[in-house]
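Asker: show me how the following folds:
(chains A and B)
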Amino acid sequence: MIPGDLKYTKDHEWAKIDLNHAVIGITDHAQKELGDITFVEVPETKTILKQGGALSTVESVKAASDIYAPVSGEIIEANEALADKPELINQSPYEKGWLCKIKLSDPKEASKLMDARQYEEYLNTLKK
Amino acid sequence: MAPFAGWNMPIQYSGILEEHLHTRTSAGIFDICHMGEFLLKGDTAAQDVDALTTCKISDMLPGRCHYGFMLNDNGRIIDDLIVFKLKENEFMIVVNAGTIDKDKAWIKLHLSKQTHFEDISDKTAKIDLQGPLSGEILSSLTSADLGAIKKYHFTSAKVAGVETLISRTGYTGELGYELYFPSDKAAVLWNILLGNKNIKPIGLGARDTLRLEMGYSLYGHDIDENHTPLEANLEKFIHTDKNFVGKDALIKQKAAGAKKLLVGFMCEGRRSPRQDFDVLCGEETAGKVTSGSFSPCLKKAIGLCYIDTAKAYLGNKIILNSGNINIEAVITKPPFYKKIPRQY
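Answerer: Below you'll find the predicted structure:
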């Protein structure tokens, strides 16, 4: 199930946008593709991000993958639990596996992201 | 699934971590049909295998198998292998999949005229059964006395009605058996084994993490034609009280001292150095990572690297670097994972 209240990127990040703030994570599709996640580079608070800029790296047993910021802004909170329990992303990609919270510097950017229906269509194009 | 040496190989079934832990606590089966098997027969077979490999064949009894190497004239590793003495004048050599063709060419170049050589890879299936419950499970399918098969011994017996060479060998550090049998029975035996509720199928991903926790070398990564067994810290598999191709080069290297050594390292954290990360000692680049992964049992990253001999001491602190990633590690003697010994 793709949650209807989130926005999505083509790199399979999600953003839950609430006025001037957004919670960020990676999608269920992304965690399935990665397999067992064994390490998460927990983002550092106060970091200033640009939309599409590198936000974090997650590793599975076999490979490392970069995570990109879906929106621009400052990281105001990070999910420290991922340091010891990176598997939270596999178990709960949209809830307990969130990566960080960003204070948006440009709320209009959200319009560049896909909604749930568009993301679902995008996933379907990847299957072909 | 992923292509490997012309085969389509499963990287994982239920997930690498789960498969890994299942093999350590119960039992797993590995589809290893891709590996190569050669048969050498005749009155000159023993002397040929003796000359071609670092294994000592002259005092080997039928029913025994030895791990060793085939070296080139420079003492560098063409392949790592296991030699099985089937009969007085009959041997099976098990080699890696990606090296079958070059191994075959090298062997034929050094073979006596009277020795009969046959590549039986296509007609031979191989399933590895590994894990603490592997003995119990296998004994329910065969009348062979498994308790009598010690490490690096083998026997021939029927397993679920299939004529099988049962070898007490493996690549996981667990109690385990490697089963060689006719390839037309591969699916039948695989499914019979899977019918046991304690068995799970294990893919190449967990095969790699299991062997790395033991510090076992993987050909093409930790050992290859750029390195000798001395550099790879595998001197115990070299018998210099006999002649073999590459011996002179090894003796010379031993006298001069190897300039680099393959060592194990353990990291504090979970982030894993990968193959080709640089090994830094202070400011200096002192080597390269050949294998690196998260260890499912230790919950931290481990690996193997070549490093300048002067820096290759236990406890030495190194940094594994790629771009802006720097991972702290300590040189550690494998096996990284130590279990309570079990006897079958």
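Asker: contacts, neighbours, all on C-alpha from now
Answerer: Noted.
Asker: which SSE is the residue nearest the centre of chain A in?
Answerer: Closest to where the C-alpha atoms of chain A average out (CA atoms, centre = their mean) is residue A:25, at 2.6 Å. For residue A:25, the element it lies in under DSSP states H and E is strand A:21-26.
Asker: how far off centre is that strand?
Answerer: 6 Å (CA atoms, centre = their mean, to the nearest Å).
Asker: contacts for that strand next, please.
Answerer: For strand A:21-26, contacts defined as CA atoms under 8 Å, 6 or more residues apart in numbering or on different chains pick out A:12-17, A:67, A:69-70, A:89, A:93-94, A:97-104.
Asker: show me what the helix or strand just after it is packed up against.
Answerer: Note on strand A:21-26: by DSSP H and E, the next helix or strand toward the C-terminus is helix A:28-34. Judged by 3 or more CA pairs under 8 Å, 6 or more residues apart in numbering or on different chains; DSSP states H and E, helix A:28-34 is in contact with helix A:88-91.
Asker: let's see it at 10 Å
Answerer: Applying 3 or more CA pairs under 10 Å, 6 or more residues apart in numbering or on different chains; DSSP states H and E, one finds that helix A:28-34 contacts strand A:13-18, strand A:54-60, helix A:88-91.
Asker: alpha carbons of it, as PDB, please.
Answerer: Output in PDB follows, covering the C-alpha atoms of helix A:28-34 (Å, rounded to 0.1, in the frame of the first residue of the first chain):
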ATOM      1  CA  ASP A  28       8.400   0.300   0.800                       C
ATOM      2  CA  HIS A  29       9.500  -0.300  -2.800                       C
ATOM      3  CA  ALA A  30      12.900   1.000  -1.900                       C
ATOM      4  CA  GLN A  31      13.400  -1.100   1.200                       C
ATOM      5  CA  LYS A  32      12.300  -4.200  -0.700                       C
ATOM      6  CA  GLU A  33      14.800  -3.500  -3.500                       C
ATOM      7  CA  LEU A  34      17.600  -3.000  -1.000                       C
END
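Asker: buried set for that helix?
Answerer: Buried residues in helix A:28-34, counted by 16 or more other CA atoms under 10 Å in any protein chain shown: A:28, A:30, A:31, A:34.
Asker: for the strand holding residue A:25, buried residues please.
Answerer: In strand A:21-26, the ones that count as buried by 16+ other CA under 10 Å are A:21, A:22, A:23, A:24, A:25, A:26.
Asker: just the mean pLDDT for that strand, thanks.
Answerer: Over the span of strand A:21-26, the pLDDT mean works out to 98.
Asker: same question for stretch A:84-101.
Answerer: Per-region confidence: stretch A:84-101 scores 98 on mean pLDDT.
Asker: list the buried residues of that stretch.
Answerer: Those would be A:86-90, A:93-94, A:96-101, for stretch A:84-101 by 16+ other CA under 10 Å.
Asker: intersect those residues with the contacts of chain B.
Answerer: residue A:86 (CA under 10 Å from any CA of the partner chain).
Asker: ok, so of the buried residues of stretch A:84-101, who is nearest chain B?
Answerer: For those, the minimum distance to chain B (CA to the nearest CA) is 9.6 Å, reached by residue A:86.
Asker: which ones are touching the closest one?
Answerer: A:36-42, A:58-60, A:80, A:97, B:270 (CA atoms under 10 Å, 6 or more residues apart in numbering or on different chains).
Asker: residue A:82 belongs to a helix?
Answerer: Yes - checked against DSSP: H, G, I helix; E, B strand; the rest coil, residue A:82 lies within a helix.
Asker: for chain A, what lies in contact range of chain B?
Answerer: So chain A meets chain B at A:35-41, A:57-64, A:83-84, A:86 (CA under 10 Å from any CA).
Asker: give me that answer again for 6 Å
Answerer: Proximity of chain A to chain B (CA under 6 Å from any CA of the partner chain) is limited to residues A:39, A:61.
Asker: where is the longest helix in chain A?
Answerer: helix A:116-127 (DSSP state H).
Asker: how about that helix: buried residues?
Answerer: A:116, A:119.
Asker: do the same with stretch B:229-242
Answerer: For stretch B:229-242, by 16+ other CA under 10 Å, it's B:229, B:230, B:231, B:232, B:234, B:235, B:237, B:238.
Asker: tell me the contacts of the second one?
Answerer: What it means is residue B:230. For residue B:230, no residue meets the contact criterion (CA atoms under 6 Å, 6 or more residues apart in numbering or on different chains).
Asker: next: the last one.
Answerer: Under the criterion of CA under 6 Å, 6+ apart, the neighbours of residue B:238 are residue B:54.
Asker: correct me if wrong: residue A:68 contacts residue A:53.
Answerer: Yes - Residue A:68 is in contact with residue A:53 according to CA atoms under 6 Å; the separation is 5.3 Å.
Asker: more neighbours, the two?
Answerer: residue A:68 (22 against 15; other CA atoms under 10 Å in any protein chain shown).
Asker: ok, what's across the strand from that one?
Answerer: Residue A:68 has these beta-bridge partners by DSSP bridges: residue A:54.
Asker: show me what contacts it?
Answerer: Per CA under 6 Å, 6+ apart, neighbours of residue A:68: A:52, A:53, A:54, A:55.
Asker: buried ones among those?
Answerer: By neighbour count, with 16+ other CA under 10 Å, the contacts of residue A:68 hold residue A:55 as buried.
Asker: how about low-confidence regions in the chain?
Answerer: I went with chain A, as the question did not name one. The model of chain A has pLDDT under 70 over residues A:128.
Asker: chain B is the one I meant
Answerer: Within chain B, the segments meeting pLDDT under 70 span B:340-344.
Asker: how is it carved up into domains?
Answerer: Residue ranges for each domain of chain B read B:2-211, B:259-332, as given by automatic domain parsing.
Asker: residue B:145: neighbour count?
Answerer: With other CA under 10 Å as criterion, residue B:145 counts 10.
Asker: ok, now which ones touch it?
Answerer: With CA under 6 Å, 6+ apart, residue B:145 has no contacts at all.
Asker: on that earlier part again, dump the buried residues of stretch A:84-101 into TSV; add distance to residue A:127 as well.
Answerer: Output for these, formatted as TSV (distance: CA to CA, whole Å):
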residue	distance to residue A:127
A:86	27
A:87	25
A:88	26
A:89	23
A:90	21
A:93	21
A:94	22
A:96	27
A:97	25
A:98	26
A:99	27
A:100	29
A:101	31
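Asker: out of the buried residues of stretch B:229-242, which is nearest to chain A?
Answerer: Using CA to the nearest CA, the buried residues of stretch B:229-242 come closest to chain A at residue B:232, 23.5 Å.
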